[in-house]
Structures are given as structure tokens and as C-alpha cells.
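S.K.: sharing a sequence plus its predicted fold:
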Amino acid sequence: MNEYINALADVSVGNYIPLMVISLILLIGGADKLLDATEDLAKKLGTSEFIIGLTVVALGTSLPEIFVGIQSVSKETENLAMGAIVGSNISNIALIFGVACIGREIYPRKNITSKRQYIPLIASAILLGLFLYSGNAIKPFEALIILLVLPIFLYVIYSDKSIGVDIQDDSNESKQNNVVWSLLILVVSFIALYFGSEGVVLAGKGMGEVFGISQIVVGLMVVAVGTSLPELAVTIGAIMKKRTDVVVGNVIGSNVLNIVLVVPIIGFFGSGNSLDPVLFKRDYFVMIFLTIFFALFVYLQTKKTIFKDVKLINLSGYLFVIIYILYILRLVNII
């Protein structure tokens with residue numbers, strides 16, 4: 001009997017492997033084309049890559065979280081979506097930004113970052129904590145308050161004169177056609193990233209069911225990591241192409257949009273089911289700690305007051321990743 005069950009499990013896992021491989025190919029290919037398209041758009045529109053990373057790339061890589069939120073409303077699984085939001089924001093900083101710091105020196109240019117840009121990042125995280133504290137469902141007026149961070153986020157980006165326009169294109173040849181072509185590539189890249197991440201989540205969730213992983217761990221770990229794979233793919237591509245502005249912008253923008261776009265969906269259209277209090281007691285505090293640490297870290301990097309040595313930046317990257325590994329081990333009750 002045990003041999004039959006083990007064989008069945010092997011077949012189930014084997015069925016998910018091709019899906020995982022194809023999905024990863026979509027992710028990596030989509031991320032590579034996304035980076036090329038954003039560079040072209042930045043040149044054609046005279047916009048810095050940092051702004052493109054904060055907005056266009058961040059929105060594209062947050063699409064999986066948005067669709068998970070929509071699906072959770074229809075299936076009354078809001079805890080899964082909230083776990084994905086918190087877990088995704090944790091992995092964006094501890095895993096993705098940590099890997100970026102290990103892989104290459106991360107020095108955002110001084111003219112693209114200011115203290116004002118961290119206000120929406122920290123404000124959205126704090127508001128989420130206030131509403132998770134009660135353990136009740138996200139109410140519509142709470143969702144509205146979180147949603148109001150979005151126009152503040154956009155205002156800070158486009159009104160901050162310290163964000164320089166650092167890329168210009170002197171070529172006038174078929175400029176309008178090139179912009180349309182770049183936008184088309186962006187759309188195709190987003191589609192590839194979305195289906196790639198969904199495929200990885202489906203394969204990972206299926207393997208989790210085979211091995212008996214609980215739903216809350218699936219939400220916080222499997223779904224969260226899966227929906228963060230577009231950010232990871234974009235980050236790896238940006239590291240290879242030495243475009244660190246996109247890395248920092250994508251992490252900030254994605255973490256803000258994960259909260260201000262997905263939580264309102266749950267608040268306005270959710271079933272009203274109470275949220276699991278463990279999200280606040282355990283996972284939220286990891287997220288808010290990493291958010292503040294990340295903001296302080298990047299700000300000090302732009303000033304180059306403390307993190308002048310590349311080795312120190314690499315060491316900090318290892319610290320981020322170790323924190324993430326410890327967090328995952330805590331999730332599965334190993335520590």
C-alpha cells in the first residue's frame with residue numbers, strides 16, 4: 001500500500017515538472033524583454049529608469065499578486081491572499097534585494113532617490129499592520145484609506161525634482177513607432193511573466209499538496225515566493241545588465257502596489273471572513289522590520305556615508321538572505 005502511494009506521489013510530482021520548466025522559461029524570457037523595453041521607453045520618453053522601475057515594471061511584476069487577490073475574493077480565501085501579500089513583500093526585500101546585493105554592488109544614483117519616496121513604502125506597511133492587528137476582515141473604509149496611498153505614491157514620484165531624467169535619446173528616426181513597439185513588447189512581457197508565475201505557483205502548490213503542506217504555509221511561502229518570481233527574474237536580468245536603478249525602483253514600487261492595490265480588492269469585495277491573527281503576530285513584524293531596514297539601507301547607500309565598501313554591501317546581502325532562510329525555517333516549524 002505504501003509503495004502504491006509513493007508511486008502515485010512520484011507520478012504527481014513528475015506531472016508538475018514540465019509545467020515548472022516551461023513557466024521558468026517564460027519568466028526569464030519575459031523579464032529579459034521587459035528590461036529591454038523599459039530601457040527603450042526611458043530613452044524615447046526622456047524618463048529615468050528608476051521611475052519606470054517604480055511604476056511600469058513594479059505594476060507588471062505585481063500582477064500575479066493582484067490576480068491572486070481577485071481569485072481569493074471569488075473563492076473566499078482572503079487569508080491566502082493576505083499571506084501572499086505579506087510573504088511576497090518579505091521575499092522582495094530579504095530574498096530578491098538580498099540576492100541583488102550579493103550579485104553586484106547596488107549604488108542607486110544620488111539624483112534618483114530622496115527621503116520622500118520612502119513615505120508611501122513605510123506608510124502602506126504601517127497601515128496594513130494597523131488593520132491586521134484586530135484580526136477582523138478588512139473593512140471597506142480601511143480599504144479606502146490604504147487605497148489613498150496610491151495617489152500619494154504617484155504624486156511623490158512625479159513631483160519630486162530630485163528624480164533626475166538620466167536617459168535621453170538623440171535619435172529622431174521613427175520615434176513614435178519605436179515607442180509603440182516598446183509598449184507592445186512590454187505587454188507581451190507582462191503576459192509571459194504572468195503566465196510564468198502562475199505556472200510556477202500551480203506547480204509548487206501541487207507539489208505542496210503531494211507532500212502535505214498546510215494552506216497557510218502555501219499562502220505565505222509557495223504562493224508568495226511564486227508571485228515574487230517575476231521580481232526575482234527582473235532583478236537577475238537587471239544585475240546582469242548592471243541596471244541597479246531598476247532593481248531598487250522595482251522593489252519599492254512592487255511592495256507599495258502589493259498593498260495599495262490588492263488589500264482594497266479584499267476590503268471592498270471580500271466575504272468578510274476574519275483574518276488569521278498569526279499573520280500579524282508572526283509574519284507582519286518580519287515584513288515591517290525588513291521594510292524599515294531596506295529603506296534605511298538604500299538611503300544610506302545613496303549618501304555613501306556607511307556603505308562605501310562593496311564587500312560590506314555584499315555582506316548585507318547575505319544578511320538579508322539569511323533572515324529570509326530563517327523565516328522560511330520558522331514557517332515550516334524547523335526552528
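M.R.: Perfect, I can see it now.
S.K.: excluding its backbone neighbours, what's nearest Leu329?
M.R.: Ile335 (4.7 Å; Cβ to Cβ, 6 or more residues apart in numbering). Where you see a C-beta, it was placed from the backbone N, CA and C, and this is true even at glycine.
S.K.: ah, wrong one, I meant Asn15
M.R.: Asn15 sits nearest to Gly206 (Cβ to Cβ, 6+ apart), 7.8 Å away.
S.K.: what is the burial count for the one you found?
M.R.: 17 (other Cβ atoms under 10 Å).
S.K.: please apply the same query to Val21.
M.R.: 13.
S.K.: what about it, distance to Gly196?
M.R.: From Val21 across to Gly196, the span is 11 Å (Cβ to Cβ, to the nearest Å).
S.K.: before we move on, what about Phe293?
M.R.: Counting by Cβ to Cβ - Phe293 and Gly196 are separated by 29 Å.
S.K.: again with Leu229
M.R.: If you go by Cβ to Cβ, the gap between Leu229 and Gly196 works out to 7 Å.
S.K.: with Leu41 instead?
M.R.: Counting by Cβ to Cβ, the gap from Leu41 to Gly196 is 21 Å.
S.K.: who's more crowded, these two?
M.R.: A direct count of neighbours by other Cβ under 10 Å for Leu41 and Gly196 places Gly196 higher, at 25 against 21.
S.K.: low pLDDT regions in the stretch 151-300 of the chain?
M.R.: 160-177, 201, 204-205, 207-208, 213-216, 218, 242-245 (pLDDT under 70).
S.K.: which strands and helices sit next to the host helix or strand of the residue nearest to Asn15?
M.R.: In the assignment (DSSP states H and E), Gly206 maps to helix 175-210. If you count contacts as 3 or more Cβ pairs under 8 Å, 6 or more residues apart in numbering; DSSP states H and E, helix 175-210 packs onto helix 2-45, helix 58-75, helix 224-240.
S.K.: how far does the shortest one sit from its chain's centre?
M.R.: Between the centre of helix 224-240 and the centre of its host chain there is 8 Å, according to Cα atoms, centre = their mean, to the nearest Å.
S.K.: just the pLDDT for Ala94.
M.R.: Listed pLDDT for Ala94 reads 93.
S.K.: go on, the one 10 residues further on?
M.R.: Arg104 is assigned 60 on the pLDDT scale.
S.K.: contacts only, for the closest residue to Gly219 other than its chain neighbours.
M.R.: Counting by Cβ to Cβ, 6+ apart, the nearest residue to Gly219 once its immediate chain neighbours are dropped is Gly83, at 3.1 Å. Applying Cβ atoms under 8 Å, 6 or more residues apart in numbering, we find Gly83 in contact with 216, 219-220, 223-224, 276, 279, 283.
S.K.: for Gly83, which three-state class applies?
M.R.: Secondary structure state of Gly83, per DSSP: H, G, I helix; E, B strand; the rest coil, is helix.
S.K.: go on, Gly212?
M.R.: Per three-state DSSP, Gly212 ends up coil.
S.K.: now Ala137. Its backbone dihedrals?
M.R.: phi -70, psi 150 (degrees, to the nearest 10).
S.K.: need the contact list for it.
M.R.: Contacts of Ala137 (Cβ under 8 Å, 6+ apart): 78, 267, 270-275.
S.K.: what's the answer for Val187, then?
M.R.: The contact partners of Val187, taken as Cβ under 8 Å, 6+ apart, number zero.
S.K.: cool, Ile25 as well?
M.R.: For Ile25, the contact set (Cβ under 8 Å, 6+ apart) comprises Gly196.
S.K.: list the helices and strands the helix or strand hosting Gly267 packs on?
M.R.: Assignment of secondary structure by DSSP H and E places Gly267 within helix 244-269. Helices and strands touching helix 244-269, by 3+ Cβ pairs under 8 Å, 6+ apart, are helix 49-52, helix 58-75, helix 78-91, helix 118-133, helix 140-147, helix 149-159, helix 224-240, helix 285-303.
S.K.: right, and these - which one's nearest Gly253?
M.R.: For these, the distance to Gly253 is smallest for helix 58-75, at 2.6 Å, taking Cβ to Cβ.
S.K.: which parts of stretch 61-72 are buried?
M.R.: Buried residues in stretch 61-72, counting neighbours by 16 or more other Cβ atoms under 10 Å, are found at 61-69, 72.
S.K.: ok, those residues vs Leu261, which is closest?
M.R.: Distances from Leu261 to the buried residues of stretch 61-72, taken by Cβ to Cβ, are shortest for Ile66, at 5.7 Å.
S.K.: if I look at the closest one, how far off is Glu198?
M.R.: From Ile66 to Glu198 the distance is 12 Å (Cβ to Cβ).
S.K.: and what of Val262?
M.R.: 15 Å.
S.K.: so the two - more neighbours on which side?
M.R.: The residue with more neighbours, out of Val262 and Glu198, is Val262; 25 against 18, by other Cβ under 10 Å.
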